[in-house]
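Colleague: sequence unknown, structure follows:
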């Protein structure tokens, strides 16, 4: 019984401590070159198509939100007529 417990303990420690992890390549220098390059593109668009889409979505949401707030303020400022 004790031998089984010790074997189980050794197996559990071995699988946790020697688990191989995927090595992630360090690409910081590549990103630094991309973002520091002087090519006339704003830094918030240098990430590619996804940055452009995210920028456009954020601007559209901001314009819609501003318009909606102005509309709601106008509706609150003009009381409805009582019958």
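Modeller: It's in. These numbers were taken from a predicted model, which means no experiment stands behind them.

Colleague: toward the C-terminus, what is the element adjacent to the lowest-mean-pLDDT helix or strand in the chain?
Modeller: Taking mean pLDDT, DSSP states H and E as the measure, the helix or strand of the chain with the lowest value is helix 2-17, at a mean of 70. Per DSSP states H and E, the first helix or strand lying C-terminal to helix 2-17 is helix 28-36.

Colleague: how far away is the one residue sitting closest to the centre of the chain from residue 6?
Modeller: For the chain, the residue nearest the mean C-alpha position is residue 54 (10.6 Å; CA atoms, centre = their mean). Taking CB to CB, to the nearest Å as the measure, residue 54 falls 55 Å from residue 6. C-beta here means a position set from N, CA and C on the backbone, and glycine is covered the same way.

Colleague: same question, residue 67
Modeller: Note on residue 67: its distance to residue 6, by CB to CB, is 71 Å.
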